[in-house]
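**Student:** Let me see the structure of the following:
(2 chains)
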There are 2 protein chains.
Amino acid sequence: MNVEIINIGDELLIGQVVNTNASWMAEQLNLEGFRVHQVTIISDEREHILEALTLAAQRAEIILISGGIGPTRDDITKHTLCEYFNTRLVFNEEAFRDIETLFPPHRYPMTESNRQQAALPESCIPIPNRHGTARGMWFETPERGTIYVSMPGVPFEMKAMMTNAVIPKLKDRFSPGVICHKTILTQGVGESFLAEKIAAWETALPANIRLAYLPQPGIVRLRLTGTGTDEPTVNKQISHEVETLASLISEYIFGYDDDTLEAIVGRLLTGKKLTLATAESCTGGAIAQMITAVAGSSAYFKGSVVAYANDVKEKLLGVEPASIEEHGAVSEAVVTAMALGAQKQMGADYVIATSGIAGPEGGTAGKPVGTTWIAIASPGAVFARHFMLGDNRERNIRRTSLQALNMLRKIL
Amino acid sequence: MNVEIINIGDELLIGQVVNTNASWMAEQLNLEGFRVHQVTIISDEREHILEALTLAAQRAEIILISGGIGPTRDDITKHTLCEYFNTRLVFNEEAFRDIETLFPPHRYPMTESNRQQAALPESCIPIPNRHGTARGMWFETPERGTIYVSMPGVPFEMKAMMTNAVIPKLKDRFSPGVICHKTILTQGVGESFLAEKIAAWETALPANIRLAYLPQPGIVRLRLTGTGTDEPTVNKQISHEVETLASLISEYIFGYDDDTLEAIVGRLLTGKKLTLATAESCTGGAIAQMITAVAGSSAYFKGSVVAYANDVKEKLLGVEPASIEEHGAVSEAVVTAMALGAQKQMGADYVIATSGIAGPEGGTAGKPVGTTWIAIASPGAVFARHFMLGDNRERNIRRTSLQALNMLRKIL
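**Tutor:** Residues are numbered from 1 along each chain as shown, chains lettered A, B, ... in the order given. Prediction:
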């Protein structure tokens, strides 16, 4: 089944908004076994919408449209759909009652343009929207069986509609077969290195199982997708392949599917009733920020000392001035002292400490930009590791943060 | 001049990559007075590329293509362009010498597929690429004068090519007239509130000056675009309108164009040779992370105490346990004590302190989720302000961070 996505909106064509809707829709459809053939971004203009619909229908069986159905100027899409499907707007009582619930009395007045959102093309099947006034609209052309679905452009309204209604209905209708996924998450290793390590295994994969590399800064995700007719069989195949893969690259795997390092570390600490603190120099609070972005992190996170200046390292973390003098702030001695100092000062079981030269300035011949030390203190022990990263400040901070969280995860 | 953008790449159609190229290209073109009529995302397939080129040429005078010209499997685009323009690949010595410089001897071996990147369509004008092996290719059809430019899909390669070659050449060719912009940056105020405040001014704008609202979480940017034939005249008009606008909403403006709050605060501190520290509870290090993301921030940033646990507030910032007991951690008394404690402990001239309930848990009837206190300590003074934010953890952290940096900026 070929799908085409049409995103309507002038704001997408002046670069005001990045079109994240298309990639999200494409990913979800792909996960369910539908193939996206083309994405077209067009303006809020009648002729342009009619042309795009006509061309898409020549190439695809399913056409998903987002945008242009807001309560204001944009409602041209609804009228244009009426013209395209040769139908007319009728007032839909059920849709009106749904829309009314979005306007609690005495809080937001309901305007006439909001009321008009209940006027829908007669030939469409409306799709509810709990988050906004625009209904989704499902059309089918009787002669060719082509399906068109119009959805709002607001990402969370569109996503709820896709997840709750559109994808289940498309699966019912087209039964694209069983499709199962498992994603393996790795840290601290490049895509090409991984590819080499697993080349023989990848070549030997059964024909119904595909591998995709999904790299992000500091992290490479490996997604296995299996297709078939019987779900338990496909799942068993996937599990078997994941097991083999895991045995080849076990030291780089930190989790599966939607896991994040900060959430995994949080779960491990919660489970053991242990606490964490950080002492950050080069990462400048980035690790604390990642940890505290997890809801509920106050249960295990004591806090952080971001010790950018040397006197802060001395005063708040008890690092010896002589040690900074002798070894420099970016050194095994100092990063270890920072970790132990934070452990004592904040009374935490575990501490992550970082010290490095993030760049672009501050490098020397002996310690070029990218030189980084990470220390982990645990009850009764501390160790440090040295890394040579690149010359990009943002990427160095990100990679150091991920590396440090993964080092902590391994000893937890 | 109508422009169409064609992005080629299977990775865009499976949702693996968000298509940021299209929005960046559209924004740059828009800033120079070119109108983007449509964006089309297609697969790495010969027929699909030929069809997309044919259709785009019926609608636009300028067609910008990105993606599909890498050294490996993707080079189908180059062959397909030869077919479309009825030309052939010829080896380009100059391009080869440029490519060679990317492979320093004894470091990276140059492969045959890299060498093949110097084979270019005979009828194109090659565009240099300092960052990669793929040349850009500029084509013109003699009969209709349509311009086609093929560029790499790697964002920083494409961006350098657009900025250094493609946009200047297009401007030379089409002289789209004078177009000037000025962007006003506001913080802490909603789009609709601003719109109401400046409605009369906006209505009275001259016909050649347009206003665009560009909202981001916590920040609304207002962009004025003026067109005309004489640059000094248009710039003078824009300056005049910016002045009037600034007088209407002066209390919300923090900067212009590409400024950021963290960079402005950094410049102000550097200029006055003053230092800064932060004491963060609810923001969890996010403010320190923003400040230290600015290169050179070690010159004025002493550090931060992320005091998530109450005992860290007491031990490292000297907050009185009795004060936390009496007022709660989220209170004027405690946030003020945090600011003063950090000022003393880290020896900083200025301190930003935050304490709040970011959510989704932790709210009470008296202090619901979103309750936030921000304090600013300066030499010899301290003050605190209370904010009621929403129930989204991520947005609360972001809005608190921006608000705090802006409060500091105002007193600097």
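**Student:** Closest residue of the stretch 101-250 of chain A to chain B?
**Tutor:** Nearest to chain B in the stretch 101-250 of chain A, going by Cβ to the nearest Cβ, is A:L214, at a distance of 5.8 Å. Using the backbone N, CA and C atoms, a C-beta is placed for each residue, glycine as well.
**Student:** Spatially, and excluding backbone neighbours, which residue is closest to that residue.
**Tutor:** In this structure, A:L214 finds its nearest non-sequential neighbour in A:R221, 4.0 Å apart by Cβ to Cβ, 6 or more residues apart in numbering or on different chains.
**Student:** Who are the packing partners of the helix or strand harbouring that neighbour?
**Tutor:** For A:R221, the element it lies in under DSSP states H and E is strand A:219-228. Packing partners of strand A:219-228 (3 or more Cβ pairs under 8 Å, 6 or more residues apart in numbering or on different chains; DSSP states H and E): strand A:178-187, helix A:191-197, strand A:209-216, helix A:231-248.
**Student:** which one of these is the most hemmed in?
**Tutor:** Ranked by mean neighbour count, those are led by strand A:178-187 with a mean of 19 (mean count of other Cβ atoms under 10 Å in any protein chain shown).
**Student:** mind listing what that one pairs with, with the direction of each?
**Tutor:** strand A:219-228 (antiparallel), strand A:253-256 (antiparallel) (DSSP bridges).
**Student:** ok so, going back, what's the residue of the stretch 101-250 of chain A closest to chain B in contact with, if anything?
**Tutor:** By Cβ atoms under 8 Å, 6 or more residues apart in numbering or on different chains, A:L214 lies in contact with A:183, A:220-223, B:16.
**Student:** could I get these as TSV with pLDDT and distance to B:E325?
**Tutor:** Converted to TSV, these look like this (pLDDT from 0 to 100; distance: Cβ to Cβ, whole Å):
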residue	pLDDT	distance to B:E325
A:T183	92	47
A:V220	89	49
A:R221	89	47
A:L222	91	51
A:R223	89	51
B:Q16	79	52
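**Student:** Columns mean neighbour count on top of the strands paired with strand A:178-187, output as JSON lines?
**Tutor:** Formatted as JSON lines, those follow (neighbours: other Cβ atoms under 10 Å in any protein chain shown):
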{"stretch": "strand A:219-228", "mean neighbour count": "19"}
{"stretch": "strand A:253-256", "mean neighbour count": "18"}
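**Student:** Columns distance to A:R399 on top of the ones you listed, output as a markdown table?
**Tutor:** Below are the strands paired with strand A:178-187 laid out as a markdown table (distance: least, Cβ to Cβ, whole Å):
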| stretch | distance to A:R399 |
| --- | --- |
| strand A:219-228 | 9 |
| strand A:253-256 | 14 |
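**Student:** The stretch 251-400 of chain A: strands as residue ranges?
**Tutor:** Per DSSP state E, counting those that start in this stretch, the stretch 251-400 of chain A carries strands over the ranges A:253-256, A:276-280, A:301-307, A:350-356, A:371-378, A:381-388.
**Student:** what's the second one packed up against?
**Tutor:** Translated: strand A:276-280. In this structure, strand A:276-280 makes packing contacts with helix A:286-292, strand A:301-307, helix A:332-346, strand A:350-356, judged by 3+ Cβ pairs under 8 Å, 6+ apart.
**Student:** One more: the third one?
**Tutor:** Here strand A:301-307 touches strand A:276-280, helix A:286-292, helix A:310-317, helix A:332-346, strand B:301-307, helix B:310-317, going by 3+ Cβ pairs under 8 Å, 6+ apart.
**Student:** Identify the residues contacting that strand?
**Tutor:** Residues outside strand A:301-307 that contact it (Cβ under 8 Å, 6+ apart) are A:275-281, A:284-285, A:287-288, A:291-292, A:312-313, A:316-317, A:319, A:338, A:342, A:345-348, B:278, B:284-285, B:288, B:292, B:303-309, B:311-312, B:316.
**Student:** For the nearest residue to A:G255 once chain neighbours are set aside, name its beta-bridge partners.
**Tutor:** Spatially, and ignoring its direct neighbours in sequence, A:G255 is nearest to A:L185 (4.6 Å; Cβ to Cβ, 6+ apart). Beta-bridge pairing of A:L185 under DSSP bridges involves A:R221, A:G255.
**Student:** And for A:F383?
**Tutor:** When assigned by DSSP bridges, A:F383 has beta-bridge partners A:I376.
**Student:** just to revisit the earlier point, write the PyMOL selection for whichever of the contacts of strand A:301-307 are buried.
**Tutor:** PyMOL command restricting these to the buried ones, with burial defined by 16 or more other Cβ atoms under 10 Å in any protein chain shown:
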select buried, (chain A and resi 275+276+277+278+279+280+281+284+285+287+288+291+292+312+313+316+317+319+338+342+345+346+348) or (chain B and resi 278+284+285+288+292+303+304+305+306+307+308+309+312+316)
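**Student:** near chain B, which residues of the stretch 151-300 of chain A?
**Tutor:** A:212, A:214, A:275, A:277-278, A:280, A:283-289, A:291-293, A:295-298 (Cβ under 8 Å from any Cβ of the partner chain).
**Student:** same deal with the stretch 301-412 of chain A?
**Tutor:** For the stretch 301-412 of chain A, the residues found near chain B under the criterion Cβ under 8 Å from any Cβ are A:301-309, A:311-312, A:315-316, A:345-347, A:359-362, A:393-394, A:397.
**Student:** One more pass at 6 Å, please.
**Tutor:** Residues of the stretch 301-412 of chain A lying close to chain B by Cβ under 6 Å from any Cβ of the partner chain are A:301-309, A:312, A:346, A:360, A:393.
**Student:** For those, name the two members farthest from one another.
**Tutor:** The span of these, defined through Cβ to Cβ, is set by A:K302 and A:P360 at 32.8 Å.
**Student:** Neighbour count for these two, which is higher?
**Tutor:** Between A:K302 and A:P360, counting by other Cβ atoms under 10 Å in any protein chain shown, A:K302 is the more crowded of the two (26 against 13).
**Student:** got a list of what the residue lying closest to A:G356 once chain neighbours are set aside touches?
**Tutor:** Counting by Cβ to Cβ, 6+ apart, A:T372 is the residue found nearest to A:G356 once chain neighbours are left out, at 3.2 Å. Applying Cβ atoms under 6 Å, 6 or more residues apart in numbering or on different chains to A:T372 gives the contacts A:356, A:387, A:389, A:400.
**Student:** Export the contacts of A:L214 to a markdown table and append columns for distance to B:E32.
**Tutor:** Below are these laid out as a markdown table (distance: Cβ to Cβ, whole Å):
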| residue | distance to B:E32 |
| --- | --- |
| A:T183 | 41 |
| A:V220 | 38 |
| A:R221 | 38 |
| A:L222 | 42 |
| A:R223 | 40 |
| B:Q16 | 31 |
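**Student:** Now render the helices and strands packed on strand A:219-228 as JSON lines, adding distance to B:N164.
**Tutor:** What follows is those, written out as JSON lines (distance: least, Cβ to Cβ, whole Å):
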{"stretch": "strand A:178-187", "distance to B:N164": "36"}
{"stretch": "helix A:191-197", "distance to B:N164": "29"}
{"stretch": "strand A:209-216", "distance to B:N164": "27"}
{"stretch": "helix A:231-248", "distance to B:N164": "43"}
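**Student:** Figure out which of these is closest to B:V178.
**Tutor:** With Cβ to Cβ as the yardstick, what comes closest out of the helices and strands packed on strand A:219-228 is strand A:209-216 (41.7 Å).
**Student:** Cool, thanks, talk later.
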